[in-house]
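In: my questions concern the predicted model and sequence given below.
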Amino acid sequence: MDNRLRFPESAEIDFINDVGTTGQDHDSYAEPGTLPRYDWIRMIILGLLANQAARNEPNEYRPGTLHFDLNAFFYKCMKDSNFEDFAKCMKITTKSLYAWAQEIEEKRRRFQLTGAFSGVVYDSSNVINIPESLQPISEAPNRPYLFKNGGIVDPALARFSAHCPVAIELSGNAILAPNDQFTVFIRQ
């Protein structure tokens, strides 16, 4: 297939061998052997078929035809007899742009921000409030790790509150007593 607009010096364009056919209606316009100007208009039409914008997918297309979907305002491309997302037709190194973007998204999902804060308790407490700046990262797959008076506490005894996602609930020997110093790391 070669859908470029081109006008050879010879009178007739060999569509079967030089351009290619698809089995669609536009293959027979204009009929082979007619005056050159019809071959040239056919070449223009084939070139235009390679770039279309509409609310519905085109009925007439060529391999590689671009279709701008006016409903979603995204490009699609004819690939393997289907209009696919344009990103599936663009290559980056050995992958399509679509496959590359999916890989990056998967890596991004595994990346989780971390943070830490500390303080001193003046009354016994089984709850530690999380600073507002760290609340957006206080969710799975992150978890709180509590250090109490310089030693780490069993991670199973500190968890993000299920009812109020702005606090850490403590149990067992993780409960803080007056004058306890604590540091909380939020990470995976």
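Out: Here it is on my side, so go on. Numbers count the residues shown, from 1 in each chain.
In: in stretch 179-188, what counts as buried?
Out: Phe182, Val184, Phe185, Ile186 (16 or more other CB atoms under 10 Å). (Glycine included, C-beta is placed from N, CA and C.)
In: same question for that stretch, mean pLDDT?
Out: For stretch 179-188, mean pLDDT is 93.
In: any chance of the buried residues of stretch 179-188 in a markdown table, with secondary structure and distance to Met90 too?
Out: Below are the buried residues of stretch 179-188 laid out as a markdown table (DSSP: H, G, I helix; E, B strand; the rest coil; distance: CB to CB, whole Å):
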| residue | secondary structure | distance to Met90 |
| --- | --- | --- |
| Phe182 | strand | 51 |
| Val184 | strand | 45 |
| Phe185 | strand | 41 |
| Ile186 | strand | 38 |
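In: nearest to Tyr61 among those?
Out: Nearest to Tyr61 among the buried residues of stretch 179-188 is Ile186, at 52.2 Å by CB to CB.
In: which ones are touching the closest one?
Out: Going by CB atoms under 8 Å, 6 or more residues apart in numbering, Ile186 touches Thr114, Gly115, Ala116, Ile130, Leu134, Ile137, Ser138, Asn142, Arg143, Pro144, Tyr145.
In: 10 Å instead?
Out: With contact set as CB atoms under 10 Å, 6 or more residues apart in numbering, Ile186 has these partners: 112-117, 130, 134-135, 137-139, 142-145, 160, 168.
In: go on, Ser125?
Out: With the criterion set at CB under 10 Å, 6+ apart, Ser125 makes contact with Leu170, Ile175, Leu176, Ala177, Pro178, Asp180, Phe182.
In: now, the most widely separated pair of these?
Out: Across those, the longest distance by CB to CB is 14.5 Å; it joins Leu170 and Pro178.
In: okay, the two: which has more neighbours?
Out: Counted by other CB atoms under 10 Å, Leu170 and Pro178 do not tie: Leu170 has more neighbours, with 21 against 10.
In: isn't that one right up against Pro155?
Out: No. Under the criterion of CB atoms under 10 Å, Leu170 is not in contact with Pro155, lying 11.5 Å apart.
In: common neighbours of these two, please.
Out: Common neighbours of Leu170 and Pro155 (CB under 10 Å, 6+ apart) are Pro144, Leu146.
In: low-confidence ranges, the chain, go.
Out: For the chain, the stretches with pLDDT under 70 are 1-13, 26, 29-40, 46-47, 49-50.
In: can you list the domain ranges for it.
Out: 15-106, 115-187 (automatic domain parsing).
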